[in-house]
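Participant: okay, sequence plus prediction incoming.
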Amino acid sequence: GVIGAGIHGSSAAFHLAYRGMKTVIFERTGPAGGPTGRSSAICRAYYTNGFLARCARDSIEMLRRYPEITGADAEFRHTGLLVLHPPEDAEQVERSAGQLNDLSIEVEVLEPGEVRRRHPDIDLTGVGVGAWERGAGYADPAGATGGLFRKAAELGAEHRLGRRVTAVEPKDGGGASVVMEDGDRVDCSRVLIAAGPWTAELSKTFGVDLPLTVERHIVGVYRWGDARPQPMHSDIIGGYYFRPEGEELFLVGPLHSAPEVDPDDFPEAASDRELHELARPVIRRIPALEASTIHGGWASLYDVSPDWQPVIGEIAPGIFVDAGTSGHGFKLAP
C-alpha cells in the first residue's frame, strides 16, 4: 500500500506495479492534489550528496523520456541552472563540481567575470563564484505525477481516491492495516507513507514520532513586462530561486525557512505584500527586472526535516516512509 499520490507516492506505485507487485494507492484528493501540484518543479542534480545527485540525474533523464516510459508528457523544458555563491563557498563548489562531473552531471565552475560576460544584467555584488549545471530544467508537476499514476493503474495498481487515511495500524509480523475516514480498511503486507505534510501525523498513529515540521512557502508569478528574459538561477546570497514559466512569465520562491503551519488550515494565497517582498532580492540581483510586473502567486507546504534532507526508510516492521524532502523533492521522485 502506498499512502499519497503526489510525485513520490505515484512514482513508488509505478515502480512497484512495473515489477509486478500488487499495489494500492491511497489519496485524500487526487494525483498531485497536495503540495506536488503547487511545486515549482525545478529539476537539477546540483547536490553535494552523491545519492541525491544520482537520483536527480536519473529522474531528469526519465522526465526527458516520459512519453516512451509512461505514455504521457512531463513537459520537461531544458534551461540549464546558474547557482550564485558567496566567496566562502568557492572551495566547496570546486569540489562538488568535480564529483558531479564524475557522475556525468555536467557542472561548470564560473568566475564572476565569466558570469558577467554571459549574463550582463546580473549584479554580482556578494558573488564569489557561480556554477552552471547544463542539464537542468523544469517540468509540469501535475503532468509528471499524472503520467506515473495512470501508468501504475494501467500496470494493475488499484487506487482509493477521495478518502483520507486516518490511521496506520501495524500487524503482527509486519505490514499494517490502512484505515480510511469512512472506517474502511485495507490490509497490506508492506506500507509506504509518502503523504508529505501529513506523514508525521500518520506515523504518530502507531507511535513513531518523526522529526518533521510543516512550513508554508510562497511562489510568486511575475510577468516579464519590458524586462529581458533572464536565466533560471538560484541565488544563495539573496535567498531565492528563479525560473521561467513559459514565454511570458517567471516564478520566484524563497530558499530560507518559513513559518510552521497546520497543513489542514493555512492561507493558500500569496498576499500582495508577500509578492512585493519576494521580488526585492530579485530586483537587487537583476535591476532590469524592475520593469516586470506581479501576475499572482500561491502558497504551498513543505514537510521539513532538521537538515532539509529526505527521510527515507523503514520506521516499523514492513512500514516505510519517504518524506521530509523540504521543498526539493520533486526532481528526486521519478
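Facilitator: All right, it came through fine.
Participant: can we go C-alpha only for contacts and neighbour counts from here?
Facilitator: Fine.
Participant: just the strands in the stretch 151-300 of the chain please.
Facilitator: For the stretch 151-300 of the chain, the strands defined by DSSP state E, counting those that start in this stretch cover 158-161, 165-170, 176-180, 185-188, 191-193, 213-223, 233-235, 240-245, 249-254, 293-304.
Participant: please name the residues that touch Ala152.
Facilitator: 10, 13-15, 17-18 (CA atoms under 8 Å, 6 or more residues apart in numbering).
Participant: on that earlier part again, among the strands of the stretch 151-300 of the chain, which comes closest to Asp73?
Facilitator: Of all the strands of the stretch 151-300 of the chain, strand 240-245 sits nearest to Asp73, with 16.6 Å by CA to CA.
Participant: return the list of strands paired to the closest one, each annotated with direction.
Facilitator: With DSSP bridges as the test, strand 240-245 is paired with strand 233-235 (antiparallel), strand 249-254 (antiparallel).
Participant: which residues touch the first one?
Facilitator: For strand 233-235, the surrounding residues in contact (CA under 8 Å, 6+ apart) are 81-85, 240-243.
Participant: just the closest of these to Pro31, please.
Facilitator: Arg243 (24.0 Å).
Participant: picking up where we left off before, with distance to His217 as extra columns, can I get the strands paired with strand 240-245 in CSV?
Facilitator: Output for those, formatted as CSV (distance: least, CA to CA, whole Å):
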stretch, distance to His217
strand 233-235, 16
strand 249-254, 7
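Participant: got TSV for the ones you listed, with mean pLDDT and distance to Arg185 too?
Facilitator: As requested, the strands paired with strand 240-245 are arranged in TSV below (pLDDT from 0 to 100; distance: least, CA to CA, whole Å):
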stretch	mean pLDDT	distance to Arg185
strand 233-235	98	44
strand 249-254	98	39
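Participant: how about the ones you listed, which one is nearest Ser203?
Facilitator: Of the strands paired with strand 240-245, the one closest to Ser203 (CA to CA) turns out to be strand 249-254, at 28.6 Å.
Participant: where does Val109 fall, secondary structure wise?
Facilitator: Per DSSP states H and E: Val109 is located in strand 107-110.
Participant: what is the subsequent helix or strand relative to that strand?
Facilitator: Next along the chain after strand 107-110, taking DSSP H and E as the criterion, comes helix 112-118.
Participant: give me the contact list for the next helix or strand after that following helix.
Facilitator: Using DSSP H and E, the helix or strand that follows helix 112-118 in sequence is strand 129-133. With CA under 8 Å, 6+ apart as the test, strand 129-133 has contacts from 44-46, 80-87, 89-90, 93, 97, 105-112, 115.
Participant: among those residues, name the buried ones.
Facilitator: For the contacts of strand 129-133, a neighbour count by 16 or more other CA atoms under 10 Å gives the buried set as 44-46, 80-86, 90, 93, 97, 105-110, 112, 115.
Participant: picking that back up, in CSV, list the contacts of strand 233-235 along with pLDDT.
Facilitator: Shown next, in CSV, are the contacts of strand 233-235 (pLDDT from 0 to 100):
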residue, pLDDT
Leu81, 98
Leu82, 98
Val83, 98
Leu84, 98
His85, 98
Tyr240, 98
Tyr241, 98
Phe242, 98
Arg243, 98
